[in-house]
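A.B. asks: Provide a 3D model corresponding to the input given below.
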Amino acid sequence: LACTVKSTGKKRIIPVIVRVSDINDNAPKFINTPYEVTVPE
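C.D. replies: Numbers count the residues shown, from 1 in each chain. Now for the predicted structure:
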């Protein structure tokens with residue numbers, strides 16, 4: 001995960017673990033890559 005502070009332009013890399021659970025025997029499918037999200041402070 002890359003994080004950029006808008007006011008200063010500083011960047012930081014943050015490790016993130018995403019666990020995907022599936023309810024059937026089929027492999028999960030990801031339609032959109034990459035995914036983007038905004039996290040409010």
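
A.B. asks: all contacts plus neighbour counts: C-alpha atoms, from now on.
C.D. replies: Fine.

A.B. asks: run through this protein and note the low-pLDDT ranges.
C.D. replies: Applying pLDDT under 70 to the chain flags residues 41.

A.B. asks: strands of that one, start to end?
C.D. replies: 2-4, 11-13 (DSSP state E).

A.B. asks: can you put those in JSON lines and add mean neighbour count?
C.D. replies: Output for these, formatted as JSON lines (neighbours: other C-alpha atoms under 10 Å):
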{"stretch": "strand 2-4", "mean neighbour count": "11"}
{"stretch": "strand 11-13", "mean neighbour count": "10"}
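
A.B. asks: out of those strands, which is closest to Asn32?
C.D. replies: Of all the strands of the chain, strand 2-4 sits nearest to Asn32, with 18.0 Å by C-alpha to C-alpha.

A.B. asks: need the contact list for the residue lying closest to Thr4 once chain neighbours are set aside.
C.D. replies: With C-alpha to C-alpha, 6 or more residues apart in numbering as the criterion, Thr4 has its nearest non-adjacent residue at 4.4 Å, and that residue is Lys11. Contacts for Lys11 (C-alpha atoms under 8 Å, 6 or more residues apart in numbering) come out as Ala2, Cys3, Thr4, Val5.

A.B. asks: Throw those into JSON lines and include distance to Val18, thanks.
C.D. replies: Formatted as JSON lines, the contacts of Lys11 follow (distance: C-alpha to C-alpha, whole Å):
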{"residue": "Ala2", "distance to Val18": "15"}
{"residue": "Cys3", "distance to Val18": "17"}
{"residue": "Thr4", "distance to Val18": "20"}
{"residue": "Val5", "distance to Val18": "23"}
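
A.B. asks: what's the farthest-apart pair in those residues?
C.D. replies: Ala2 and Val5 (10.2 Å).

A.B. asks: so which of the strands of the chain gets nearest Asn26?
C.D. replies: strand 2-4 (30.4 Å).

A.B. asks: name every strand pairing with that closest one and say which way it goes.
C.D. replies: According to DSSP bridges, strand 2-4 forms sheet pairs with strand 11-13 (antiparallel).
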